[in-house]
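S.K.: Build me a structure from this.
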Amino acid sequence: MARAPSFVGLILAAGASLRMGSDKALLTWRGHTFLENHIIALNQHTDFVLVVAGSNYEKLEPLADAAGAFLIENAHPEAGQFSSMQVGLQEVLNRGRDAAIVALVDRPPAAPATLTLLRRSLIQAEPGIWAVVPEHAGLHGHPIVVAREMIGAFLAAPTTSNAREVMHANQKHIRYLPVDDAFTIENINSVEDYERIRSQAEASQKKSNSAQNRT
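M.R.: Numbers count the residues shown, from 1 in each chain. Coordinates of the predicted model:
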């Protein structure tokens, strides 16, 4: 029997971006910031979008408001990304929803088709599957889609834990879904990473536009 979950988009954006030197949520991507792109993408596949901010709350607030997302604060972002995930997932439950698409702001948003596949895979999964994780080129990526059971596992874990440890402990409840979307495994830690990925995306877009013009 298929699930009938109510999905929330959850964007983790409380990081200090120390290696990057500037807030990765505010980097430009296809005419918008990374944060705005993630909100726009997730709004199409969820009931609403939550953004977890930290000390950057005031910087992100106008962008989140304009894009139609709810901004919540991790009072202790120094505790790491997992603390932001716990804050966000608790808010998912507090707002009466039981599933989430969890995205990291420090990478390009997944393609709409990828989000559709991930969401559908969880809805159609057997009861023993609590999460769906995209897989590309043999690597596991983001966003991940989690049902209430996996949300519970994340929230029950010690604050000193991390998402990878919790998922490893619940390996049998995870479905890894192959996707044709390289952005799901990209991670931006430096200016060099950002420039490389942006150049690749621009080249890919030009190639796609050229092919369309020839048809």
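S.K.: partner residues bridging Val51?
M.R.: In this entry, Val51 is beta-bridged to Ile11, Leu71, by DSSP bridges.
S.K.: Tell me who's in contact with it.
M.R.: 11, 13, 35, 39, 60, 64, 69-72, 105 (CB atoms under 8 Å, 6 or more residues apart in numbering). For glycine as for every other residue, the C-beta is placed from the backbone atoms N, C-alpha and C.
S.K.: where does it sit relative to Leu122, distance-wise?
M.R.: 21 Å (CB to CB, to the nearest Å).
S.K.: which residue is nearest the middle of this protein?
M.R.: Ala103 (0.6 Å; CA atoms, centre = their mean).
S.K.: how about that one, phi and psi?
M.R.: Backbone torsions of Ala103, given as degrees, to the nearest 10, read phi -120, psi 150.
S.K.: hang on, it packs against Leu118?
M.R.: No: Ala103 is beyond contact range of Leu118, at 10.6 Å (criterion: CB atoms under 8 Å).
S.K.: Low-confidence stretches in the protein?
M.R.: Residue ranges of the chain with pLDDT under 70: 1-4, 17-21, 203-215.
S.K.: how about 50 then?
M.R.: Low-confidence segments of the chain (pLDDT under 50): 1, 211.
S.K.: gap between stretch 34-44 and the chain center?
M.R.: Offset of stretch 34-44 from its chain centre (CA atoms, centre = their mean, to the nearest Å): 10 Å.
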